[in-house]
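>>> Here is my input; please provide its structure:
(one chain, ligands or ions: 1)
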Amino acid sequence: MTTLDPWGAVKIDNYSKLFDEFGISKFDELLEKIKNPHRYMRRHIIFGHRSYDSVLNAMLSGKPFAAMSGFMPSGRAHLGHKMVMEEIIWHQQQGGDAFLAIADMEAHAVRGKTWKECREYGINEYILSAIAFGLEPGAHIYFQSGSESVKSLAFELGIKANLSELSAIYGFNGETNIAHMVSALTQSADILNPQSEEFGGPKPVVIPVGADQDPHIRLTRGLAYKTNMFRLLVEETGKEISVRGKAAPKEALKEIAKRTGGTLYEEHVDISILGRTPAEVAEVYSIVQKVELKYGGYAFMPPASTYHKFMTGLQGGKMSSSAPDSYIALTDKPEDGAKKVMRAKTGGRVTVEEQKKLGGEPDKCTVYELLVYHLVEDDNELMEVYKDCVGGTRACGNCKKYTAELMSKFLKDHQEKRELARERLGEFGL
Ligand code: SF4
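Alright, predicted model coming up:
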């Protein structure tokens, strides 16, 4: 069984296992419904999802939805973080509400960063870059330690989480400090926060993540379900919905029975849906949600997620913060970024003759990966590079120079935008 460890250094070689073992759905199945897909979607870099259909339906029908992500302010922001920032921004551009949490409690508890360092890293590394990439005012940017509502929600979720569950997911043991455990719950609170009353209540929320972050998503989906006042079960026959609320006020169950025409029992209401149209069934769900909110519950929807592939480290293998040549930081000097590209591992053959004869292997090339993920927006241009590479007419030396120039230009442009973003922090309440 594959174990996914969000705090460890796991490389997931075989993404298809995630579909079979963890129940992640294939993103491609939704692609044709998306009007203006992001290049990560078009290029199958986003490969999987949980419940993203709920977000897509809201997007297509003009209903509220949100996208959120958290960043741990303990190191430099790099191209991997850019991917998540772009995904949040894309959802904001499609009409969603955007949330960006700076996970300073986690950085403090797990990485030992001081609060001052957390603040500096949070703003200088992550927030400035997110604004520079196009995050617009209206986005909710916050530090975990500064959000009373997130901390309260984490406490509330803690009632439904136990040590065995957290240990099974994260490998916690008797030596794990308690604040580390609290930081796991705080991340769940971050994920559910966009559905709190303060932000308009329950709605579809997507969390764009790398596949290694799925344990957080599964934990949070489970906690959302357990924290809700009511659980809705569609009976096996498909003819009835059972609304269960063991600890729910009797009055709330009574109101659900009355408003849906259901039958009231001691701890549940059974509602026949035989002959009801899909819209009428949706109305039943909506009534249960409204009654739960009226009686002080959360009525959380299970958070949705999208999963993107990891970028390979520039030397092959994994990107690692302890090996600066393996990644390009968003604040690397443009000339240093270009040099890293020139030193990167390619999919080229050993000799020029072989390259001409056999062609290169772009699928194994970290330089090509930079073009696909970050540097070339035009799909046709990318196709030309690919064809020339496999056809043996493209030489790695020139290809690296071309990519290094694009990288240098990208970093220069981004860093100029970061300086403008510094002037705009006030627009985001910072
Ligand atoms: S030609 Fe370019 S894309 Fe092809 S292997 Fe060489 S560096 Fe990579």
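>>> so who does the residue nearest to residue 144 when sequence neighbours are not counted touch?
Distance criterion Cβ to Cβ, 6 or more residues apart in numbering; nearest residue to residue 144, sequence neighbours excluded, is residue 105 at 4.4 Å. Every C-beta, even on glycine, is put in place using the N, C-alpha and C of the backbone. Residue 105 sits next to 144, 145, 179, 182, 183, 186 when contact means Cβ atoms under 8 Å, 6 or more residues apart in numbering.
>>> could you redo the last one with a cut-off of 7 Å?
Residues near residue 105 by Cβ atoms under 7 Å, 6 or more residues apart in numbering: 144, 145, 183, 186.
>>> Also residue 388?
residue 394.
>>> quick one: it and residue 296, what's the gap?
Residue 388 is 63 Å from residue 296, where distance means Cβ to Cβ, to the nearest Å.
>>> Can you pull out the low-pLDDT segments for this structure?
By pLDDT under 70, the low-scoring segments of the chain are 1-16.
>>> Give the residue farthest from the middle of it.
With distances taken as Cα atoms, centre = their mean, the residue sitting farthest from the centre of the chain turns out to be residue 353, at 43.9 Å.
>>> In terms of helices and strands, where is the residue nearest to residue 144?
In this structure, residue 105 sits in helix 104-111 according to DSSP states H and E.
>>> what ranges do the helices span in the stretch 101-250 of the chain?
Taking DSSP state H, counting those that start in this stretch, the helices of the stretch 101-250 of the chain run over residues 104-111, 115-121, 128-133, 148-158, 163-170, 178-192, 214-227, 250-260.
>>> and the chain, which residues reach the ligand?
346-348, 360, 362, 365, 367-368, 389, 394, 396, 399-400 (Cβ under 6 Å from any ligand atom).
>>> at 5 Å instead, please
For the chain, the residues in contact with the ligand (Cβ under 5 Å from any ligand atom) are 346, 347, 348, 360, 362, 365, 367, 368, 389, 394, 396, 399.
>>> part of a strand, is the first one?
No: the secondary structure assignment for residue 346 gives coil rather than a strand, going by DSSP: H, G, I helix; E, B strand; the rest coil.
>>> in which helix or strand would I find the closest residue in space to residue 136 that isn't next to it in sequence?
Of all residues not flanking residue 136 in the chain, residue 92 sits nearest, at 6.1 Å (Cβ to Cβ, 6+ apart). Residue 92 belongs to helix 79-93 when elements are defined using DSSP H and E.
>>> Pretty sure residue 104 sits against residue 74.
No: if you go by Cβ atoms under 7 Å, residue 104 and residue 74 don't touch, sitting 9.1 Å apart.
>>> Of those two, give the one with the bigger neighbour count.
residue 104 (28 against 20; other Cβ atoms under 10 Å).
>>> Okay, that one and residue 381: tell me how far apart.
The value you get for residue 104 to residue 381, if Cβ to Cβ is used, is 40 Å.
>>> Over to residue 249?
In terms of Cβ to Cβ, residue 249 sits 61 Å off from residue 381.
>>> ok, residue 369 - contacts?
Residue 369 makes contact with 311, 312, according to Cβ under 7 Å, 6+ apart.
>>> Okay, residue 427 and residue 88: tell me how far apart.
Note on residue 427: its distance to residue 88, by Cβ to Cβ, is 17 Å.
>>> The two - which one has more neighbours?
The residue with more neighbours, out of residue 427 and residue 88, is residue 88; 25 against 13, by other Cβ under 10 Å.
>>> Tell me if I'm right that that one and residue 101 touch.
No: counting by Cβ under 7 Å, residue 101 is not a contact partner of residue 88; they are 10.8 Å apart.
>>> on that earlier part again, may I ask which two of the contacts of residue 105 are separated the most?
Using Cβ to Cβ, the pair of those lying farthest apart is 145 and 183, separated by 10.6 Å.
>>> Neighbour count for these two, which is higher?
A direct count of neighbours by other Cβ under 10 Å for residue 145 and residue 183 places residue 183 higher, at 21 against 18.
>>> just checking, that one touches residue 106?
Yes: because the distance of 3.9 Å satisfies Cβ under 7 Å, residue 183 is recorded as touching residue 106.
>>> residues touching the closest residue to the ligand within the stretch 51-200 of the chain, list them.
Going by Cβ to the nearest ligand atom, the ligand is nearest to residue 79 of the stretch 51-200 of the chain, at 16.9 Å. Each residue near residue 79 by Cβ under 7 Å, 6+ apart is listed here: 311, 327, 328, 374.
>>> Among these, which one lies nearest to residue 131?
Ranked by distance to residue 131 (Cβ to Cβ), the contacts of residue 79 are led by residue 374 at 18.2 Å.
>>> helix, strand or coil for that closest one?
Assignment for residue 374 (three-state DSSP): helix.
>>> what's the burial count for it?
19.
>>> Spatially, and excluding backbone neighbours, which residue is closest to it.
Spatial nearest neighbour of residue 374, excluding adjacent residues (Cβ to Cβ, 6+ apart): residue 79 at 6.0 Å.
>>> who has more neighbours, residue 249 and residue 381?
Between residue 249 and residue 381, residue 249 has the larger neighbour count (other Cβ under 10 Å), namely 15 against 12.
>>> if I pick that one, what's in contact with it?
Residue 249 sits next to residue 295 when contact means Cβ under 7 Å, 6+ apart.
>>> Go again with 10 Å.
229, 255, 291, 294, 295, 296, 297 (Cβ atoms under 10 Å, 6 or more residues apart in numbering).
>>> Could you check how far it is from residue 264?
Distance of residue 249 to residue 264, given as Cβ to Cβ: 13 Å.
>>> counting contacts, what elements does the helix or strand where the residue farthest from the centre of the chain lies pack onto?
Secondary structure assignment for residue 353, by DSSP H and E: helix 352-358. Other helices and strands packing on helix 352-358, by 3 or more Cβ pairs under 10 Å, 6 or more residues apart in numbering; DSSP states H and E, are helix 396-423.
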